[in-house]
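Novice: below is the structure, and that's it, no one-letter string:
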Ligand code: AVI
C-alpha cells in the first residue's frame, strides 16, 4: 500500500495522521480488534472497573421505572443501542420487555463485526422469539443513516459511559447527531460515569492485574500486525491520568526511549523522543449538573436521572424536544 492513496478514515490513514501530529495521538476506537474486544470483556469484570457493575445495578433495581415511559406509549417501538457490545446489561431490559409482552424490535449497533456476531448468537439462544437487526457502523454513521427508522417511536440506548470517550466538544457533536437521528419525542437513555474520588477513577484505569495496560499496548501490536510495523512494545508504558476539574481521565502510551519505528505498509518511519507520549483515550466523567447542561444544549428534556446507591454512575432518560 502506498502512503499516498490510503483510504480516508481507515486505520492506516488514522495511524499515519496520528503519529505525524504533535502531540502524537491514536483514536481509541482502534482498541477494539479481536484481542481488544476480549481484553475489554476482562476489564469489565475487574474489581477496580466499577462502571459496568454500577450500571448493571441501576438496571437490575430500576428497569421498570426506566422503561415505563416508552411502555406507556402502548405502541410497537424500536430499541436502538449505540455501541451494544455484549449486550449484557441490555438483556435485563429485553427480559423485562418480553415478560411484559411489549411489541418491539432490537437494533444493536457496533463498530465491531465480531461483537455483533457473538451478540446475535447469544440473543438467538436466550431470546428465540426476539426480532434483532444488527447494524455495523460508527455512532455518527448510524445516526445519519437511521437504518432502524420505520416511523415507530424509538428508545435509543447510549450506555456504558461510551459518550465519555469523547472530549466535551466532540460529545456535543455526537449529541447533535443523536438529535438528528431521533424523532420528536423519542427517548434516549444515556449512561455516564460520574465525578467521584479521583483515586477510585484512576484505579479503574490502572488495575492491579495490568489488563488495562495490555488493552492500551494492544494498539501497538495491532499496528505491527496490520501495518507491518517493528514497534517494540517493551519500549512503551501505559500512563493513565485523571484531572478532577475537567473530569478527564486520559490514557497515554509513553515511549521510554528515543527511538524510530518503521511501518512498512505505510512506507513511513516515526521518530519518538525519550518520554514522548501518544494520547490514546479520553474517558470523561461528569457531574449531574454538567449532564443537565448537556441535555439543555443538546436539545433534550431530562425525564429522570437514575443512579446507583453510591452515586458512582448515572443513567439519564432524555426525551428529544
Ligand atoms: C468503552 N469505554 C467507556 C471504556 C472507558 O471506561 O472509557 C473503555 C476503557 N478504557 C479503559 N478501560 C475501559
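Specialist: Arrived safely, thanks for sending. What you see is a predicted model, and the numbers here were worked out from it, not measured in a lab.
Novice: pull out the buried residues from the lengthiest helix in the chain.
Specialist: Counting residues, the longest helix found in the chain (DSSP state H) is helix 50-72. By neighbour count on 16 or more other CB atoms under 10 Å, the buried set for helix 50-72 is 50-59, 63, 66-67, 69-71. From N, CA and C alone the C-beta is placed, and that goes for glycine too.
Novice: could you list which of these also contact the ligand?
Specialist: residue 51 (CB under 6 Å from any ligand atom).
Novice: for the buried residues of helix 50-72, which one is nearest the ligand?
Specialist: residue 51 (5.7 Å; CB to the nearest ligand atom).
Novice: report the contact partners of that closest one.
Specialist: Residue 51 makes contact with 44, 160-161, 193, 204, 312-313, according to CB atoms under 8 Å, 6 or more residues apart in numbering.
Novice: list buried residues within those.
Specialist: Applying 16+ other CB under 10 Å to the contacts of residue 51 flags 44, 160-161, 193, 204, 312-313 as buried.
Novice: any idea which residue of the stretch 1-150 of the chain lies closest to the ligand?
Specialist: For the stretch 1-150 of the chain, CB to the nearest ligand atom, closest residue to the ligand: residue 43, 4.9 Å.
Novice: likewise for the chain?
Specialist: Closest point on the chain to the ligand, by CB to the nearest ligand atom, is residue 283, at 3.2 Å.
Novice: just confirm that residue is within a strand.
Specialist: Yes - membership of residue 283 in a strand is supported by DSSP: H, G, I helix; E, B strand; the rest coil.
Novice: and it, what pLDDT?
Specialist: With respect to pLDDT, residue 283 scores 98.
Novice: circling back: got a list of what the residue of the stretch 1-150 of the chain closest to the ligand touches?
Specialist: 49, 207, 211-212, 215.
Novice: so which of these are also by the ligand?
Specialist: Answer for the contacts of residue 43 near the ligand (CB under 6 Å from any ligand atom): 212, 215.
Novice: from the contacts of residue 43, which two are the most distant?
Specialist: 49 and 215 (10.6 Å; CB to CB).
Novice: so which helix or strand takes in the residue of the stretch 1-150 of the chain closest to the ligand?
Specialist: helix 34-44 (DSSP states H and E).
Novice: ok, now how distant is residue 52 from residue 43?
Specialist: 8 Å (CB to CB, to the nearest Å).
Novice: which residue is the nearest non-sequential neighbour of the residue of the chain closest to the ligand?
Specialist: Spatial nearest neighbour of residue 283, chain neighbours left out: residue 249 (4.3 Å); criterion: CB to CB, 6 or more residues apart in numbering.
Novice: ok, the one you found touching residue 199?
Specialist: No - contact criterion CB atoms under 8 Å: residue 249 and residue 199 do not qualify, at 11.9 Å.
Novice: who's more crowded, the two?
Specialist: residue 249 (23 against 9; other CB atoms under 10 Å).
Novice: and that one, that's in a helix?
Specialist: No - counting by three-state DSSP, residue 249 is not found in a helix; it is strand.
Novice: next, the buried residues of the helix or strand where residue 261 lies.
Specialist: Assessed by DSSP H and E, residue 261 sits inside strand 259-263. Across strand 259-263, burial judged by 16+ other CB under 10 Å covers 259, 261, 263.
Novice: next secondary structure element downstream of that strand?
Specialist: Next along from strand 259-263, by DSSP H and E: strand 268-272.
Novice: partner strands of that next one, with direction?
Specialist: According to DSSP bridges, strand 268-272 forms sheet pairs with strand 259-263 (antiparallel).
Novice: what lies in contact with the partner strand?
Specialist: With CB under 8 Å, 6+ apart as the criterion, strand 259-263 contacts 15, 223, 227-232, 235, 268-272.
Novice: in stretch 129-141, what counts as buried?
Specialist: 132, 134-135, 137-140.
Novice: can you get me the start-to-end distance on that stretch?
Specialist: Stretch 129-141 has its terminal residues 29 Å apart, counting by CA to CA, to the nearest Å.
Novice: anything in it near the ligand?
Specialist: No - applying CB under 6 Å from any ligand atom, one finds stretch 129-141 separated from the ligand by no less than 12.0 Å.
Novice: centre of the chain versus that stretch, how much separation?
Specialist: 15 Å (CA atoms, centre = their mean, to the nearest Å).
Novice: ok, stretch 178-194 next?
Specialist: 15 Å.
Novice: buried residues, it. List them.
Specialist: Neighbour-count burial for stretch 178-194 [16+ other CB under 10 Å]: 178-179, 181-182, 186-194.
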